Every structure is written in structure tokens, then in C-alpha cells.
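S.K.: Pasting a predicted model and its sequence here:
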Amino acid sequence: MIRRAVLAGVACLMALPAFGQAVKLTGDEIRALLTNNTAIGRWEGAKYRQWFGPDGVTLYAQEGSRTARGEWRVEDELQEYQSIWPGDEDWEGWFVMEFGDTYYWVSRATPPTPFQVVPGQSLIVE
């Protein structure tokens with residue numbers, strides 16, 4: 001009986017993505033997703049690529065602009081990605097959500113913004 005209940009619970013959890021539920025990533029999941037990988041998407045209409053170094057350095061390359069170097073971290077209590085860039089006074093944070101095969105940056109100030117992740121540092125399109 002207990003085994004059947006556990007199997008039913010696992011089956012329900014596995015079925016959640018099929019119903020289109022967005023999942024908020026935890027701090028550990030955000031770290032695992034971003035560390036030493038590159039996010040690819042569009043920010044305010046422009047294509048971008050952003051690499052997340054294991055040492056907390058992040059490089060942001062946007063079409064038509066110079067690459068910017070900032071810092072990134074994960075705030076475990078808030079379960080959010082945070083970054084700070086030259087000239088910024090404070091760290092800015094976003095939740096990371098997953099829906100299907102797409103991830104989203106989510107904050108109070110911006111609409112959910114989709115992105116994909118590719119392994120390694122991939123700032124240049126070949």
C-alpha cells in the first residue's frame with residue numbers, strides 16, 4: 001500500500017511538466033545551471049550572451065556593444081540569481097524559472113524574459 005502511494009506520488013510529480021507548470025529554481029539549481037555556462041537570449045530587443053564563471057565573474061556580450069564584465073552570485077535565502085555591474089550601487093536579483101525547455105529571468109521590474117543555456121563559455125557565435 002505504501003509502495004503504491006509512493007509510486008503514485010512520483011508519477012504525479014513527473015507529470016507536472018506535461019501540464020505546463022513553471023518551476024522556480026532553488027539556489028543550488030541556479031548555481032548548477034549557470035556556473036561555467038552561457039545564457040543566450042534577447043534583452044530589451046537585442047541578442048545577448050552571458051557567461052557565468054565559477055569564480056563569480058560574468059561576461060555580458062550584446063549585439064553591437066562591447067563585452068561588459070560584472071560579478072554574479074546566488075542568494076540562497078531569496079533563491080535568486082544576482083549581479084552587479086560597474087557603476088551599479090547595489091546587487092540586482094532575478095528568480096530563475098523553468099518552463100518546458102526554456103528558462104526565464106523573472107523580477108518585479110521586468111516581464112519574464114526567456115533564455116537558453118549552452119555549456120561552457122560561448123560568447124561568440126560561430
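M.R.: Nice, I can see it.
S.K.: Quick one: residues contacting the residue positioned nearest the centre of the chain.
M.R.: In the chain, the centroid-proximal residue (CA atoms, centre = their mean) is residue 96; its distance is 4.6 Å. Taking CB atoms under 8 Å, 6 or more residues apart in numbering as the criterion, residue 96 is in contact with 24, 25, 29, 30, 33, 80, 81, 103, 104, 105, 106. Using the backbone N, CA and C atoms, a C-beta is placed for each residue, glycine as well.
S.K.: Tell me if residue 72 really is in a strand.
M.R.: Yes: the assignment for residue 72 is a strand, going by DSSP: H, G, I helix; E, B strand; the rest coil.
S.K.: Just list whatever residues bridge to it.
M.R.: Going by DSSP bridges, residue 72 is paired in beta bridges with residue 83.
S.K.: same check, this time on residue 113
M.R.: On the basis of DSSP bridges, residue 113 is bridged to residue 105.
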